[in-house]
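[1] Structure for the following, please:
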Amino acid sequence: MNFLFAWRYFKAKKSTNAINIISWISILAILVGAAALILVLSVFNGFEDLVKGLYSSFYPDMRVAPVSGKQITLTAEQLARLRGVPGVAAVAGTLEEKALLQNGDYQSIIYLKGVEESYRQVSGVPAHMLRGEFNLGSAEQPLLVLGAGVENAVGVQSDRNIVPLLVHLPNKSAVEVSSPLNSISADTVNTSGAFLIQQDFDNKYVLTHIGFMRAMMGIPEGSYSALEIALRPGTEPLDAQKALQSVLGKGYQVQTRYEQNASLYAVMRAEKWVIYAILSLILVVAAFNMIGSLTMLVLEKKADITVLHALGADARRIRSIFVSEGLLLALIGGGAGILLALGLALAQIKYKLIPLAGGSFLIDYFPVKLDPWDFLLVAVTILVIALVAAWVPARKAAQQQFGFREE
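    Modelled structure (predicted):
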C-alpha cells in the first residue's frame, strides 16, 4: 500500500516542475554512484586477482622456515615424513643468499636462490619464462635463470650469452675476520634463460642449482633456507599446515601462502575499503538531492496528507509513505546503475573495450572480476543511505508540519 502511494506520487504531475527535475537528478546521481561503485570494485578485484596470481607463481602453497636464524636442518627421515603428509604433492628445498653478479663492467646485487629439481613442481616460475629455458644445470655445471630485471641490469641476453657471469657469494665455512675478502667465494656460471613475473621478483632473484650454492657457501647437506611445498588440488591449507607443524615441531614455522604475503593482502583489503568509502560519497550527494525532492513533495501533497489523516491514517502511515517514496527513487536509480555496471563489466571482459595506457604492464586492458558480494554491498549501501535521507522529510511530514503524534 505504501509503495502504491509512492508510485502514484512519483508518476503524478506536480504543480512545480522543479520537483520532477530534482527527483530525476537524484535518480541519476544514484545511478552514476551505483555504477561507479560496481565498476571500480570490479576492476579492483581484477587487479587484485592478477597480482595474487603473479605472487602465487613465485610463492608456494606452504613454506617451512626457521623460527629464528637463517637456516633449517632436516634429516632424510623428516623429509620423508613431510612428503607423506596427506595433501602434500611435492617438497623442494631452497637455499637463498645475497650475492654479487658481474658481467664485465656491469654488476648487480641479487638474491641467489638455489633450488632442488622438484622445484618445478612447487613453483610457477618455469611457466613464466621470457626467453631461454628453465634449466638449472647440476652442482658441477650449474646454470643461472635470471629475473628479467636482473638480466637487464647486467646487460645480457640469457638464452644467447657467450661469456659466463661471475658470481660472488659469502663462504660460511671460511670466515676470516682479519681478511673479509677471503671469506668470499667466486665462480663463473653460464645462463640458460630469464623469467618475467613481477618486478619484486624480476629485479632481484636469480635461480640456480642448490648443489652449486652449497659448494660455494660451504653448507652441508640437509641445511636449507626454507622448504617450499605444493599441495594437491582440494587440500585445505590450514589442515595441511597443522599436519606439517605436528611433524616438524616447535623449531620450525609453517606458513600458508596468505601468511607469506600477509602485508600485501592486508594492504589490498584496506585499499578496497578506502575506495568503497570514497565512491560512496557520490551516493551521499545523491541523498541530499533526495532530501530536497521529498521535502518539496511533502509541501506539494499537503492537501493529500490532510485527507489521508481525515480518513484515519496515523503519523506512522504518513511517514511510511514518504519513506517508501525515497526507497522507490533509490530502487529505480540503484537498479538501473547496477544493471548498467553489469553490462559494461561483461562487455569489458569479453571485448576488452578500455585499454591500459603505457604498454608496460603484463596485460593491455583493464581486468574485471565480478563479485556477487560487491553487488550486495552496493545495493545495501544504496538502501541504507536512501532510508536515512528519506526519513528526515518523512518524519517532518508526519510529526512536525501537521502536528501528528507518533505512536
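[2] Centroid-nearest residue for the protein?
    E48 (2.8 Å; Cα atoms, centre = their mean).
[3] Secondary structure of it: a strand, I assume?
    No: assigned with DSSP: H, G, I helix; E, B strand; the rest coil, E48 falls outside any strand and is helix.
[4] V267 is in contact with that one, correct?
    No: assessed by Cβ atoms under 8 Å, E48 is found out of contact with V267, at 10.5 Å. For every residue, glycine as well, the C-beta is placed using N, CA and C.
[5] picking up where we left off before, roughly how far does the closest residue to the residue nearest to the centre of the chain other than its chain neighbours sit from I321?
    Take E48 and drop its neighbours on the chain: the residue closest to it by Cβ to Cβ, 6 or more residues apart in numbering is M268, 5.4 Å away. Distance of M268 to I321, given as Cβ to Cβ, to the nearest Å: 44 Å.
[6] Those two: which is more packed in?
    I321 (24 against 16; other Cβ atoms under 10 Å).
[7] low pLDDT regions in the chain?
    1-18, 173-182, 301, 305-306, 310-311, 358-362, 399-407 (pLDDT under 70).
[8] Next, please give the residue ranges for the strands of it.
    62-66, 72-73, 88-103, 106-115, 129-132, 143-147, 165-170, 184-195, 205-209, 223-224, 226-231, 252-256 (DSSP state E).
[9] These: which one's closest to G326?
    Nearest to G326, of all the strands of the chain, is strand 252-256, at 46.0 Å by Cβ to Cβ.
[10] Can you give the distance of the closest one from its chain's centre?
    Chain-centre distance of strand 252-256: 22 Å, with Cα atoms, centre = their mean, to the nearest Å.
[11] what angle separates it from strand 226-231?
    Angle of strand 252-256 versus strand 226-231, following axes from the mean of the first three to the mean of the last three Cα atoms, to 10 degrees, is 40 degrees.
[12] Around the closest residue to I22 other than its chain neighbours, how many other residues sit close by?
    Excluding its sequence neighbours, the residue lying closest to I22 (Cβ to Cβ, 6+ apart) is S293, at 4.2 Å. Residue neighbour count, defined by other Cβ under 10 Å, stands at 26 for S293.
[13] What distance do you get for S293 to T94?
    Using Cβ to Cβ, which is the criterion applied here, S293 is 64 Å from T94.
[14] F375 now?
    Applying Cβ to Cβ to F375 and T94 gives a distance of 42 Å.
[15] Compare the two (neighbour count), which wins?
    T94 (22 against 18).
[16] got the end-to-end distance for stretch 347-366?
    Stretch 347-366 has an end-to-end distance of 12 Å (Cα to Cα, to the nearest Å).
[17] contacts for that stretch?
    For stretch 347-366, contacts defined as Cβ atoms under 8 Å, 6 or more residues apart in numbering pick out 43, 46, 50, 54, 368, 370.
[18] Who's the closest spatial neighbour of N171, skipping the chain neighbours?
    Per Cβ to Cβ, 6+ apart, closest to N171 is S185, 4.4 Å.
[19] can I see the domain layout of this protein?
    The chain breaks down by automatic domain parsing into domains covering 2-55+264-400, 61-260.
[20] residue ranges of the helices in the stretch 201-350 of the chain, please?
    Taking DSSP state H, counting those that start in this stretch, the helices of the stretch 201-350 of the chain run over residues 210-217, 237-248, 257-260, 262-300, 302-310, 315-351.
[21] Mean neighbour count, these: which tops it?
    For the helices of the stretch 201-350 of the chain, the largest average neighbour count (mean count of other Cβ atoms under 10 Å) is found in helix 210-217, namely a mean of 22.
[22] CA atoms of that one as CSV?
    Only the C-alpha atoms of helix 210-217 are listed here, as CSV (Å, rounded to 0.1, in the frame of the first residue of the first chain):
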residue,chain,number,x,y,z
ILE,A,210,71.2,-25.9,-4.8
GLY,A,211,74.3,-28.1,-5.0
PHE,A,212,76.3,-25.3,-6.5
MET,A,213,75.1,-23.0,-3.7
ARG,A,214,76.1,-25.5,-1.0
ALA,A,215,79.6,-25.9,-2.5
MET,A,216,80.1,-22.1,-2.8
MET,A,217,78.9,-21.4,0.7
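[23] which strands and helices sit next to that helix?
    strand 88-103, strand 106-115, strand 165-170, strand 184-195 (3 or more Cβ pairs under 8 Å, 6 or more residues apart in numbering; DSSP states H and E).
[24] Adding distance to A313, write the ones you listed out as JSON lines.
    Shown next, in JSON lines, are these (distance: least, Cβ to Cβ, whole Å):
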{"stretch": "strand 88-103", "distance to A313": "69"}
{"stretch": "strand 106-115", "distance to A313": "75"}
{"stretch": "strand 165-170", "distance to A313": "86"}
{"stretch": "strand 184-195", "distance to A313": "73"}
